[in-house]
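>>> dropping the sequence and predicted coords here.
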Amino acid sequence: MKTGRVNLASVNLNLLVALKALLDEGNVTRAASRLNITQSGMSKNLRNLRELFDDPLLVRSGNNFALTERAIELNQDLERILGEVTELLDRSSFEPAECDRTFTFATSDYVAEYIFPKVLENYLKVAPNISIRLEIADSSTISKLSNGSYDLITSMLDSQYQGLHHLVIGRDQFACCMRKNHPLMLRGGGISLNEYCTLDHAIITGGGDKVQVIDAELAKIGQRRTIRFAAPLFTTVCKVVSGSDMIATMPSHIASNLAPEFGLSWCALPFYVESFDYTIAWHERHHHDASHIWFRNTMQQLVQASLYSYMAQESTSNVLCVL
């Protein structure tokens, strides 16, 4: 076993990049392809790494390879170290006008349809060579953010997700939405808890959790609701609600902004649900990346500036019931 401190000047630091690829892929061929080098070149890197760390790092397990305990230990710190090195080298020299990166972003259909077109227009004014791929968030969004498929997501994010960072866009509360000529709205005075639980519900399943949080709060007070329709899109649910006696629960600023278009009314919920943050979230792997820092900070500013954002709704209305 090697002892004493390593002479850093004698170490090829490119080996750390090769090590990261090997630990992520668990396979010499795939790691070589990832770094665009030959398999023999990656095999040589693995030999050098084994000598440097005095550990086999990858060991055969059946037809595959498994990480040694030492490799698992190294992997915990390697992403952070490489991120800090990247930040050191890149941040001061980053220029949006020269960036040609593709950013993949997951969000709700509401943000995609009403907010993002103007956001994209502003991005391309200062960074004309970037590309943006937008997808609708679903139940796999957090795992895709964690595995690198997404650069950013907008979410009503639960802070307990590990390895994620976020910026707050705004804070909102839930509201109850129904068609403008719904019998409850014609009567005036909002909606009672019994009426809320008795009526059929249409729910939005896309984006952040707008379903379980409501059902959990109802369960705390010994109540439940009946869900008759579920869809991932706000616009679909709004159309269904506008043509039926079903009601929907959604963030109040979205209810306020979509009500005129779909002929809806909205009011406060008849039970307590804690307010929540809208966030832009990203994984630790991107935390120190200069282009990513620019992209997410700009995203926060542009979304907040949108006429369809929570910030715009907050500045123009504090109304709890719109009939």
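It's in.

>>> can you pull the contacts of the residue lying closest to G163 once chain neighbours are set aside?
Spatial nearest neighbour of G163, chain neighbours left out: E284 (4.8 Å); criterion: CB to CB, 6 or more residues apart in numbering. Yep, even glycine has a C-beta here, placed from its N, CA and C like the rest. E284 sits next to 79-80, 83, 163-165 when contact means CB atoms under 8 Å, 6 or more residues apart in numbering.

>>> now the lengthiest helix in the chain: how far from the chain's centre is it?
In the chain, assigned by DSSP state H, the helix with the most residues is helix 69-90. Relative to its chain's centre, helix 69-90 lies at 23 Å (CA atoms, centre = their mean, to the nearest Å).

>>> so which other helices or strands are in contact with that helix?
If contacts are counted by 3 or more CB pairs under 8 Å, 6 or more residues apart in numbering; DSSP states H and E, helix 69-90 sits against helix 14-25, helix 290-305.

>>> strand partners (parallel or antiparallel) of the strand or helix carrying A281?
Element membership for A281 (DSSP states H and E) is strand 276-283. Looking at strand 276-283 with DSSP bridges, its partner strands are strand 152-155 (antiparallel), strand 164-172 (antiparallel).

>>> which parts of that strand are buried?
276-283 (16 or more other CB atoms under 10 Å).

>>> kindly report the same for stretch 113-120.
In stretch 113-120, counting by 16+ other CB under 10 Å, buried: 114-116, 119.

>>> which of those residues lies closest to A268?
Ranked by distance to A268 (CB to CB), the buried residues of stretch 113-120 are led by Y114 at 22.9 Å.

>>> which residue packs closest to that closest one, ignoring adjacent ones?
Y114's closest residue in space is Y308 (CB to CB, 6+ apart), at 4.2 Å.

>>> mind checking the SS state of the one you found?
Classification of Y308 using DSSP: H, G, I helix; E, B strand; the rest coil returns coil.

>>> repeat for F105
strand.

>>> that one and S146: what is the separation?
15 Å (CB to CB, to the nearest Å).
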